[in-house]
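[1] here you go, sequence then predicted model.
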Amino acid sequence: MFHNSKTFSRLVLCALLTLPLTCTAQSPSAASNDPADVILINGKIITVDAHDSIAEALSIHNGKIVAVGTNDKIRAHAPKSVRVIDLHGRTATPGLIDTHCHFDETDELYAIKLSEVKTVAEAVTLVRNKVATTKPGAWIQGAGWDEGKLSDHRYIIAADLDKVAPDNPVWLTHTTGHYGVANSYALRLAKISAETKDPTGGTIDRDASGHPTGVLKEIAMDAVRNLIPPYTREQQRNGLLKMMADFNAEGMTAAKDPGTEGIRWDLYRELLQENKSTVRIFALLYGGRDLNSARAALARLQSNPKPPQSFGDGMLLSGGIKLFMDGSGGGRTGWVYDPWFKNPTDLDGHNTGYPNIDPPLYRQMVKLFHDAGIHVSTHAVGDRAIDWVVDTYAELLKEKPTKGLRHGIIHCNIPTDHAIDTMARLQRDYDSGYPETQAPFMWWIGDIYAASFGSKRERRLMPYMTYTQKNVIWTGGSDYFVTPFPARYGLWSSVVRQTASNQQPFGTAESVDIHTALKSYTIWAAHQLFLEDRIGSLEPGKDADIAVWDRDLYSIPAADIKNIHCELTLLRGQVVFHDAHSPNPMADAAF
Ligand SMILES: [Zn+2]
């Protein structure tokens, strides 16, 4: 999935970037008379403008698009000195945008990678290997396992890990991030035993005799996770740089990062200052679970300019607040009206999940931010959680009408008709109430998802077609590390709605075509980052964030969208990624 061999050339290219580090208001300029310094010709340029126009060529001056049109027109206006990128018939799109991405590959660099593991035994072997090079007593971490992809079709449990790690605490995070497994050593350190009660908003998974299995869900994970020493500043910085480079290699140029606590915001500022930032970041700050944490987060946000104001001329935005209303579909902790299923046929008892925060308290917290003019995005998976979130937004917007705060519903997996109608109204009247969705859930964790939701609900998962019919716009994303981040997977999932085991339990009634799917990763996504005047489409006056692909995603069979390959990525007219192994090399591109 990652192209390490390309890292070197990317670093060289990145070093050529020069980004002014000033805090600026958004000011697109239609500089149509400026001479071009770069032109792209002989392409199929998907502009994602209001008419979904296709162009052959475009010209760029000073990082901005000057003109879009035919080869003849663009060439005729270009000076002799212009740099020419000949696309040789390739397809270009706006740089793709991920509106919900835990923008961090530190685990990828330093933890055991479990995303490709097919059996419990394989996971245990990886832990054993790590133990062999780790001092007794030191923590061992891994991430990315998913029982839906294990042939054992069960959780990894403490007893599996105890055999190979009797003297080290082990914590392996599930791919959803909503649960994980600790070994017995770690459970002891966390003082979790058969006598320990489930914390509010969390579950200690237990066997038939009531003993903890090692699997901890939601808030129950904290007892273990709080004991693990955080990555060093240098490790986190490396994780961020790797993420930016790998993003660019997938034609991606912007992300909404829902968690910029600790030193992450400082690291973003630092990389920007050093001209090493090659992905635009719209950062959210976690507002916590009570009014004190909310006030602290508010104070921190108020020291920064609000979007669309930015740092680095549209490169970094202190966007607003992230809150949680519930848990996950995979872990069956999302807050739903009707009980979850534990497998395709059996109900999970009376389990209807739970709210992450006391619902009236959640409403008070949102009010605090809304009244201060702060953008809020709330994690809501279950239908009941989504209703509560959209009704909260509606109530507060009625009380204090404020246009353009663009409050979001993160995941928004199974909205009710009421929720969809409310979102349509809020979008129309207040420019608010946008679902920030992850089509690749249907693929990467689709098998456990389908089982959890059951046959009645699964067809309503990510109801994109209903959205289009009701004039609701939505945004695309990966929720990386929950699913792999390349946006091509989300474009494909939006169209085919297929699970990792090639099933279609979600049906195709809610499928959209690639044209619509692309909007959710470009212009609609740009809007949710408050950057729609700068990016999201290829039009005069906008920044030249452009991805070039090896094939035309508008005409290939839907099944192939997943496999499109990025060959060149521009950020503000500068090359931030160039595939040196491209079969038809754009040698002149690597300036
Ligand atoms: Zn997330």
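    Perfect, I can see it now. Numbers count the residues shown, from 1 in each chain.
[2] the host helix or strand of residue 394: which residues count as buried?
    Element membership for residue 394 (DSSP states H and E) is helix 383-399. Within helix 383-399, the residues scored as buried using 16 or more other CB atoms under 10 Å are 383-390, 392-394, 396-397. In this view, the C-beta of every residue, glycine as well, is placed from N, C-alpha and C.
[3] so what secondary structure elements neighbour the following helix or strand past that helix?
    Per DSSP H and E, the first helix or strand lying C-terminal to helix 383-399 is strand 408-411. Helices and strands touching strand 408-411, as assessed by 3 or more CB pairs under 8 Å, 6 or more residues apart in numbering; DSSP states H and E, comprise strand 375-380, helix 383-399, strand 434-436.
[4] ok, the buried residues of helix 383-399 vs residue 554, which is closest?
    residue 386 (32.1 Å; CB to CB).
[5] what's the per-residue pLDDT of that closest one here?
    Here, the pLDDT recorded for residue 386 equals 98.
[6] could you measure from it over to residue 377?
    Note on residue 386: its distance to residue 377, by CB to CB, to the nearest Å, is 13 Å.
[7] kindly report the same for residue 330.
    On the measure of CB to CB, residue 330 and residue 377 end up 20 Å apart.
[8] for residue 367, same thing?
    Distance from residue 367 to residue 377, by CB to CB: 16 Å.
[9] sorry, back to before: dump the helices and strands packed on strand 408-411 to JSON lines, plus distance to residue 456.
    What follows is the helices and strands packed on strand 408-411, written out as JSON lines (distance: least, CB to CB, whole Å):
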{"stretch": "strand 375-380", "distance to residue 456": "19"}
{"stretch": "helix 383-399", "distance to residue 456": "11"}
{"stretch": "strand 434-436", "distance to residue 456": "21"}
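[10] which one of the ones you listed lies nearest to residue 102?
    Going by CB to CB, the one of the helices and strands packed on strand 408-411 nearest residue 102 is strand 375-380, 11.9 Å.
[11] would you give the sheet partners of that closest one, along with the direction of each?
    strand 316-324 (parallel), strand 408-411 (parallel) (DSSP bridges).
[12] can you redo the ones you listed as a markdown table with mean neighbour count, distance to residue 435 and mean pLDDT?
    Shown next, in a markdown table, are these (neighbours: other CB atoms under 10 Å; distance: least, CB to CB, whole Å; pLDDT from 0 to 100):
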| stretch | mean neighbour count | distance to residue 435 | mean pLDDT |
| --- | --- | --- | --- |
| strand 316-324 | 26 | 15 | 98 |
| strand 408-411 | 28 | 5 | 98 |
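[13] ok, which of those strands comes nearest residue 103?
    Of these, nearest to residue 103 by CB to CB is strand 316-324, at 11.7 Å.
[14] buried stuff in the following helix or strand past that closest one?
    Counting by DSSP H and E, the next helix or strand C-terminal to strand 316-324 is helix 359-371. Across helix 359-371, burial judged by 16+ other CB under 10 Å covers 359, 362-363, 365-370.
[15] re earlier: any chance of the strands paired with strand 375-380 in JSON lines, with distance to residue 70 too?
    Below are the strands paired with strand 375-380 laid out as JSON lines (distance: least, CB to CB, whole Å):
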{"stretch": "strand 316-324", "distance to residue 70": "35"}
{"stretch": "strand 408-411", "distance to residue 70": "39"}
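[16] out of those strands, which comes closest to residue 563?
    That would be strand 408-411 among the strands paired with strand 375-380, by CB to CB, at 25.9 Å.
[17] touching the closest one from outside, list them.
    Residues from elsewhere that reach strand 408-411, judged by CB atoms under 8 Å, 6 or more residues apart in numbering: 99-100, 258, 322, 375-381, 386, 389-390, 415, 423, 433-438, 441, 475, 479, 528.
[18] cool, and stretch 412-428?
    329, 334, 336, 380-383, 386-387, 390-391, 393-394, 397, 407, 409, 432-437, 441, 453, 457, 460-463, 466-467, 470-474.
[19] now, of the residues you listed, which are buried?
    329, 334, 336, 380-383, 386-387, 390, 393-394, 397, 407, 409, 432-437, 441, 453, 457, 460-463, 467, 472-474.
[20] any idea how far the residue nearest to residue 579 when sequence neighbours are not counted is from residue 264?
    The shortest distance from residue 579 to any non-neighbouring residue, by CB to CB, 6 or more residues apart in numbering, is to residue 567 (4.6 Å). As judged by CB to CB, residue 567 and residue 264 stand 31 Å apart.
[21] who has more neighbours out of the two?
    Using other CB atoms under 10 Å as the criterion, residue 567 and residue 264 rank with residue 567 on top: 25 against 20.
[22] quick check: phi and psi on the more buried one?
    phi -110, psi -20 (degrees, to the nearest 10).
[23] which residue ranges of the stretch 151-300 of the chain form strands?
    Secondary structure of the stretch 151-300 of the chain (DSSP state E, counting those that start in this stretch): strands located at 170-174, 179-182, 202-206, 212-218, 252-257, 280-286.
[24] which one, of those strands, ends up nearest to residue 268?
    strand 280-286 (5.7 Å).
[25] just the C-alphas of the closest one, formatted as PDB.
    C-alpha atoms of strand 280-286 as PDB (Å, rounded to 0.1, in the frame of the first residue of the first chain):
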ATOM      1  CA  ARG A 280      -3.400  21.000   3.600                       C
ATOM      2  CA  ILE A 281      -4.700  20.300   7.100                       C
ATOM      3  CA  PHE A 282      -8.000  21.300   8.600                       C
ATOM      4  CA  ALA A 283      -7.500  20.500  12.300                       C
ATOM      5  CA  LEU A 284     -10.100  19.700  14.800                       C
ATOM      6  CA  LEU A 285      -9.500  19.700  18.600                       C
ATOM      7  CA  TYR A 286     -11.100  17.100  20.800                       C
END
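[26] ok, it: who's next to it in the sheet?
    strand 252-257 (parallel), strand 316-324 (parallel).
[27] can you list the residues that contact that strand?
    103, 253-261, 264-265, 268, 297, 300-301, 307, 314-323, 377, 529-531, 535, 545, 571.
[28] now restrict those residues to buried residues only.
    103, 253-258, 260, 264-265, 268, 297, 301, 307, 314-323, 377, 529-531, 535, 545, 571.
[29] circling back: tell me how far the residue nearest to residue 579 lies from residue 478.
    For residue 567, the distance to residue 478 - CB to CB - is 21 Å.
[30] what of residue 436?
    11 Å.
[31] what residues are shared contacts of these two?
    residue 100.
[32] for the chain, give me the ranges with low pLDDT.
    Residue ranges of the chain with pLDDT under 70: 1-33, 582-591.
[33] name the residue most distant from the centre of it?
    Here the chain reaches farthest from its C-alpha mean at residue 80, the gap being 41.9 Å by CA atoms, centre = their mean.
[34] assign it to helix, strand or coil.
    Under DSSP: H, G, I helix; E, B strand; the rest coil, the three-state class of residue 80 is coil.
[35] for the nearest residue in space to residue 252 that is not next to it in sequence, what are its contacts?
    Nearest residue to residue 252, sequence neighbours excluded (CB to CB, 6+ apart): residue 96, at 4.7 Å. Going by CB under 8 Å, 6+ apart, residue 96 touches 250-253, 487, 521-522, 547.
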